[in-house]
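J.: coords please:
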Amino acid sequence: MAASFSVKLNCRYYQSRFPQLDEIVMVNVNRIQDMGAYCTLLEYNDIEGMILMSEVSRRRIRSLNKHLRVGRNECVAVIRVDEVKGYIDLSKKRVSTEEAEKFQERFIKSKTINQILRHVADTLKFQSNEEFEELYQNTAWAIDVSKDKKGACYDIFKKAAIEPSILNPLNLDENTRDALLNSIRRRLAHQPVKLRATFELNCYSYEGIEAIKHALRAGLMYSTGDPPLQINLIAPPEYIMTTTTLDQNEGVAKLLGALAVIKQSIEEKHGSYNILVEPKIATELDDMELENEMKHRELANREVDGDDSNSEND
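T.: Next comes the predicted model:
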């Protein structure tokens, strides 16, 4: 029996081995210590950096654990790079909400490119990181350099799914080009999007919980066909409504319609409705943050009964 292909290949997303000063990067928090939090830079082959304690928040903090969590991804700014010693200092407080939202789009695109090229490497049974890096050099990095923009190759790959000749300028042999096109079409052609809205429901009248359940059921019944709707509880009184669709405009319209039905239903029972986040595309990062938030709230609820005055010292 032939041995299965199981070589674990790794490569940074961009040609430069280190991030530039002031660049925003995505990191995963590994461990938290008194001086700061050690992280891996996800776009730069998991090299290590540190979010300094003084760079976590603009407000005075007593405990890093209240601002950072192990295993969570964070958008941070690079404030120091020592390529010789390998030191990379990072700042969370210097990244605004608007900058983080804009950067997340680039990160998701670059991650998608990585998945496409990793699938090509798997198809062609690459045996070394050098082969994987050469593939990056001849595709994603070459495009990024020509466009002078990190992550620029995503749009080129997406066009290639319909117009393969756009890949002709790349230095690829026939087998690699065919594998790349198949991977692009597999990943990018007719890609559905997930849409999500977050809202609150409260009802303190006699019907209370039953009125909330009735409103949620009414919202779900608004759409009986595609795209299907789903409602999940985050933590009372917050709920999320999601749908996955190939047509973003249609999906947004379905969510808005269902939310309008929920609002009408709960207000008829003298309850209240409040939209927290309007319908928008939910990225993989959004999903991870939502999952972390739900786990955090669940853990907090479990600990309520066992809390005492010595449970945590700031």
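
J.: Can you tell me how far the most far-flung residue of the chain relative to its centre is from residue 148?
T.: What lies farthest from the middle of the chain is residue 206; by CA atoms, centre = their mean that is 41.0 Å. Here the distance between residue 206 and residue 148 works out to 65 Å (CB to CB, to the nearest Å). Yep, even glycine has a C-beta here, placed from its N, CA and C like the rest.

J.: So, low pLDDT: which residues of the stretch 51-200 of the chain?
T.: For the stretch 51-200 of the chain, applying pLDDT under 70 flags the ranges 190-191.

J.: So what's the gap between the strand or helix carrying residue 289 and the chain middle?
T.: Assigned by DSSP states H and E, residue 289 belongs to helix 284-303. In terms of CA atoms, centre = their mean, to the nearest Å, the centre of helix 284-303 is set 14 Å apart from its chain centre.

J.: With stretch 240-260 instead?
T.: Computed by CA atoms, centre = their mean, the separation of stretch 240-260 from the middle of its chain amounts to 20 Å.

J.: For that stretch, buried residues please.
T.: 240-245, 251-252, 254-255, 258-259 (16 or more other CB atoms under 10 Å).

J.: Just name the closest of these to residue 108, please.
T.: Top of the list for closeness to residue 108, among the buried residues of stretch 240-260 and by CB to CB, is residue 244 at 15.8 Å.

J.: The host helix or strand of that closest one - contacts with which helices or strands?
T.: For residue 244, the element it lies in under DSSP H and E is strand 238-245. Where contact means 3 or more CB pairs under 8 Å, 6 or more residues apart in numbering; DSSP states H and E, strand 238-245 is packed against strand 193-202, strand 230-235, helix 248-268.

J.: tell me the mean pLDDT over it?
T.: Averaging pLDDT along strand 238-245 yields 91.

J.: Quickly run through the sheet partners of it, with directions.
T.: Using DSSP bridges, the strands paired with strand 238-245 are strand 193-202 (antiparallel), strand 230-235 (antiparallel).

J.: follow-up on the earlier one: give me the distance between the residue farthest from the centre of the chain and residue 200.
T.: In this view, residue 206 and residue 200 are 20 Å apart by CB to CB.

J.: what does residue 286 give?
T.: Distance from residue 286 to residue 200, by CB to CB: 18 Å.

J.: Can you check what angle separates the helix holding residue 289 from strand 193-202?
T.: For helix 284-303 against strand 193-202, the angle by axes from the mean of the first three to the mean of the last three CA atoms, to 10 degrees is 30 degrees.

J.: and for helix 284-303, what are the contacting residues?
T.: Outside helix 284-303, the residues within contact range by CB atoms under 8 Å, 6 or more residues apart in numbering are 26, 69, 71-73, 104, 107-108, 111, 194, 196, 234-235, 240, 282, 311.
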